[in-house]
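Okay, sequence plus prediction incoming.
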Amino acid sequence: MTDPYRAGIDILSQTGSIQEARRNRAAEVAPDFVRTAVSFTYGEIFARPGLDLKMRELAAVAAFAALGRSTAQLRQHVEAALHLGWTKTEIIEVLIQTAAHSGVAMAIDAIADCHDLLVERDPNSTACED
C-alpha cells in the first residue's frame, strides 16, 4: 500500500506549485496536521480515479473562487492549472462561471486576486479604467 503522504507530495510536485515554504512554515507549528492535510487532500482525494489531475485542479480553482476566503490557495491552484495545461482564457471563464453560482463579488475578487497570473501581455490590448 502506498503511503498517502508520499503520494500527496508526488501529486503536488506534478502540479508544479507545491508551496513547500508555506507548508514547512505550518509544519513547524503543526507537523501532524500538515502531514494529514497533504495525505488526505492530495494523497487520497486528488489521487482518486475518475478525474485526471488537470480536471481536479480546475475543480479546485472553481471551489476556491466560490469560497472567496483563501487567496493563497486560489493562486496556488490557478498556478497548478496553468502548469497542467489549462489556458488563461479557460481559467478566466471558470472564474466568471462562479458568478452564476457564488456571486458576482466572489468572481470579481477571484479574477482580481489572480490578475498577475492571468493577464495576457499584449501591448495592444485595452484595459478597463476606473
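Here it is on my side, so go on.

where does Ala47 land in three-state SS?
Following DSSP: H, G, I helix; E, B strand; the rest coil, Ala47 is assigned to coil.

My guess is Cys114 contacts Ala72. True?
No. Counting by C-beta atoms under 8 Å, Cys114 stays clear of Ala72, with 11.1 Å between them. C-beta coordinates here come from the backbone N, C-alpha and C atoms, glycine included.

More neighbours: these two, which one.
Taking other C-beta atoms under 10 Å, Cys114 and Ala72 do not tie; Cys114 has more neighbours (24 against 11).

and the nearest residue to the more buried one once chain neighbours are set aside, what does it touch?
Once flanking residues are discounted, Cys114 sits nearest to Val78: 4.8 Å by C-beta to C-beta, 6 or more residues apart in numbering. Neighbouring residues of Val78 by C-beta atoms under 8 Å, 6 or more residues apart in numbering: Val61, Ile91, Cys114, Leu117, Leu118.

6 Å instead?
Contacts for Val78 (C-beta atoms under 6 Å, 6 or more residues apart in numbering) come out as Val61, Ile91, Cys114, Leu117.

Buried ones from these, can you make that a PyMOL selection?
Of the contacts of Val78, the buried ones go into a single PyMOL selection, burial set by 16 or more other C-beta atoms under 10 Å:
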select buried, resi 61+91+114
